[in-house]
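Student: return atomic coordinates for the entry below.
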Amino acid sequence: QVQLVESGGGLVQTGGSLTLACAASGDIGSPNTMGWFRQTPGKERKWVAAISWIEGTTYYPDLVKGRFTISRDRAKNTLYLQMNSLKPEDTAVYYCARSSFSAHVATMPGHFDSWGQGTQVTVSS
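Tutor: Alright, predicted model coming up:
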């Protein structure tokens with residue numbers, strides 16, 4: 001069983017940057033994909049980035065493309081999300097997750113089988 005622990009959340013001003021990290025421990029297995037989602041109260045969890053764990057190919061929705069960068073350090077079993085040009089609408093709890101699906105299709109919460117506990121990101125206007 002893999003454990004995922006996010007860190008790096010916090011309060012930042014509009015236009016600022018923040019980097020989230022997700023440390024994986026336990027039996028990470030051989031995930032095809034690792035991803036980031038975010039969620040606000042009363043809303044569905046939304047996909048914000050995915051990366052092919054072996055090849056490193058990255059995927060983003062238009063909402064964050066050009067502002068967010070997902071990366072991974074396989075030696076450290078750690079996933080990252082660099083967020084630039086942050087906006088108040090980026091405020092959410094951010095979750096990392098593991099998937100056995102290929103990265104180019106893993107965009108829905110149901111595609112992911114392990115989740116971290118989340119880290120709060122608040123962007124002030």
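Student: what's the end-to-end length of stretch 23-39?
Tutor: Taking Cα to Cα, to the nearest Å, stretch 23-39 runs 20 Å from one end to the other.
Student: which of the residues in that stretch are buried?
Tutor: Across stretch 23-39, burial judged by 16 or more other Cβ atoms under 10 Å covers 23-24, 28, 31-38. In short, each C-beta sits where N, CA and C put it, glycine included.
Student: listing request: residues of this structure with sub-threshold pLDDT.
Tutor: 28-29 (pLDDT under 70).
Student: find the centremost residue of it, please.
Tutor: residue 36 (2.0 Å; Cα atoms, centre = their mean).
Student: state the three-state secondary structure for that one.
Tutor: The local conformation at residue 36, judged by DSSP: H, G, I helix; E, B strand; the rest coil, is strand.
Student: phi and psi next, for the closest residue in space to residue 1 that isn't next to it in sequence.
Tutor: Spatially, and ignoring its direct neighbours in sequence, residue 1 is nearest to residue 26 (5.5 Å; Cβ to Cβ, 6 or more residues apart in numbering). Here is the backbone geometry of residue 26 (degrees, to the nearest 10): phi 80, psi -160.
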